[in-house]
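1. Requesting a structural model of the entry that follows:
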Amino acid sequence: EKFTSRVKCWLQEQTNREVKLHVEAHSGAIISGSALARPGFTASDGEVNLVSPTINEQLDHAAEFYKQNETSPALILMNGCINDVGVKNLLAASTPLEDLHARIRENCGGKMQRLLLRVRNTFPQAQVVVTSYYPIVSRQTADNTFLRLLVKELNNQRPEARQMSDKETRERLIAISDEWYKTSTASLAEAVMKTNGPELSSAKVSFVELQFGPEHVFAAPESLLWTFLFASTNASGFARVIVLLSFGTAAYKANDHVRESRIKSCKETFKKPMGIKEDKKQKQDREDLFLTCRYASLGHPNHMGALVYTEAIKGQLLQLINKAGWKRDTSGPH
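-> Here you go, the predicted structure:
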C-alpha cells in the first residue's frame, strides 16, 4: 500500500511491461554522516528507525545489486534530508527559525544536490523522481490535552522551552513547520534544477511537490499521516496515564498497520547487548532509540497519504513514459 508499490502497479498497466521493484530505503536514513556518530545497530526490517545505511550507502548497495544482475534501473524514486535536519529540531519550540532555515538549506539543498549528482553518475540512463515533504503541524492540528502533554514532554528536554505557555509553544511549532515546508520545498527544487543544468530538454531528474493542506497534517481533521491510536481523545484520565507512561509502554501505540511487527523488530534490534555492561548513558541512549523506533511511523503518509504521493508521481511520469521509451508497442505481432 506504499506509494512505491502503487506506482509499480500503475506503470505495469501503462507500459504493458513487467516492472521489478528494488527497495533500499528504510526509516530514519540520513543522506550522509560520520560513521563515528552512528549507533552500532543493524536491522533487516526497513521499518526500524536507523540512520544507516545512509542514502549514499543505499546508492552504493543499489549499484552493486544492479551490477551483479547485469541490468540498470529505468526509474529511481527517492527523497531525503528530513532526518539530516533532525525531526527533534522540527518538534522543539525553542528551535530558532534562522538556524533552522540554514540547516534546511544545507541538507535539502547542498547535500541533496551532491547526492543527486552521484545518482546521475551512477545510473546515467535512469529517470530520477525526487518528492517533496509536507508541513508537520498547522492550526488545524488537534489542540487537546493529549497532544499538549506530548509536546510538553518533547520540549521539556530543552530548558529554553520550559517557560513557554501552551499557546506560545503551539504558535512556535506552527511557525517551525511552515519554515520547514517552505524552505525544504524550495531547496529540493533548486537541488534538482542545479543537477539538471541548463539543458532542460535532456533533464533526467524531476521534482514532485506534494499538495498537503492545513487539514492534512499531523492530527488534523483529514490527516494524511499516521498518528496515535486514540489521539483525538480529551479524557483527562487518559491524559494522566500518558504522563505516567512517558510515551513508552505497550498501552500507547501508533495507528499504522505494521506497528506490531515493527515493535517486535525494534525490540530485537535494541535489546540489551549480551556480555557487555552498559553505563547509565549507554542504557538511556539505547532505550531512546527503541522508543523512536517504536513510533517510527508517526508523521509518515498513511493509506490516503500514499495515494496523494502516487497521484503526484503519476502526473510527472505521464510526461516521461513515451519520452523514455518505456511503453511496449502492442499494435503489431508479439
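
2. can we go C-alpha only for contacts and neighbour counts from here?
-> OK.

3. in the strand or helix carrying residue 176, what counts as buried?
-> If you go by DSSP states H and E, residue 176 is part of helix 166-196. The neighbour-count check on helix 166-196 (16 or more other Cα atoms under 10 Å) flags 169-170, 172-196 as buried.

4. Any idea how far it is from the middle of the chain?
-> 14 Å (Cα atoms, centre = their mean, to the nearest Å).

5. Packing partners of it?
-> With contacts defined as 3 or more Cα pairs under 8 Å, 6 or more residues apart in numbering; DSSP states H and E, the packing partners of helix 166-196 are helix 87-90, helix 97-104, helix 112-122, strand 205-208.

6. one more time with 7 Å
-> Contact partners of helix 166-196 among helices and strands, from 3 or more Cα pairs under 7 Å, 6 or more residues apart in numbering; DSSP states H and E: helix 97-104, helix 112-122, strand 205-208.

7. Tell me which of the ones you listed sits most buried.
-> strand 205-208 (a mean of 21; mean count of other Cα atoms under 10 Å).

8. Contacts made by that one with the rest, please.
-> Contact partners of strand 205-208, identified using Cα atoms under 7 Å, 6 or more residues apart in numbering, comprise 127-132, 189, 192, 196, 312-313.

9. Partner strands of that strand and their direction?
-> According to DSSP bridges, strand 205-208 forms sheet pairs with strand 127-131 (parallel).

10. now could you export just the CA positions of the strand it pairs with as CSV?
-> Extracted in CSV, the C-alpha atoms of strand 127-131 (Å, rounded to 0.1, in the frame of the first residue of the first chain):
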residue,chain,number,x,y,z
GLN,A,127,14.9,8.8,-14.8
VAL,A,128,15.0,10.2,-11.3
VAL,A,129,12.0,11.5,-9.4
VAL,A,130,12.5,13.4,-6.1
THR,A,131,9.5,14.0,-3.9
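
11. centre of the chain versus that strand, how much separation?
-> So, by Cα atoms, centre = their mean, the centroid of strand 127-131 is 15 Å from its chain's centroid.

12. Pipe the helices and strands packed on helix 166-196 into CSV and attach mean pLDDT per row.
-> Formatted as CSV, the helices and strands packed on helix 166-196 follow (pLDDT from 0 to 100):
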stretch, mean pLDDT
helix 97-104, 97
helix 112-122, 97
strand 205-208, 96
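
13. Could I get these in TSV, plus columns for distance to residue 328?
-> Output for the helices and strands packed on helix 166-196, formatted as TSV (distance: least, Cα to Cα, whole Å):
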stretch	distance to residue 328
helix 97-104	41
helix 112-122	25
strand 205-208	23
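
14. Out of the ones you listed, flag the one nearest residue 219.
-> Closest approach to residue 219 among these (Cα to Cα): helix 97-104, 23.0 Å.

15. Measure how that closest one sits relative to helix 166-196, angle-wise.
-> Note on geometry: by axes from the mean of the first three to the mean of the last three Cα atoms, to 10 degrees, helix 97-104 and helix 166-196 are set 30 degrees apart in direction.

16. hang on, the earlier thing: nearest to residue 286, out of the helices and strands packed on helix 166-196?
-> Taking the helices and strands packed on helix 166-196 one by one with Cα to Cα, helix 97-104 is closest: 26.1 Å.

17. other SSEs contacting the closest one?
-> helix 166-196.

18. Average pLDDT for the helix it packs on, rounded please.
-> When pLDDT is averaged over helix 166-196, the result is 94.

19. what does stretch 317-334 give?
-> 79.
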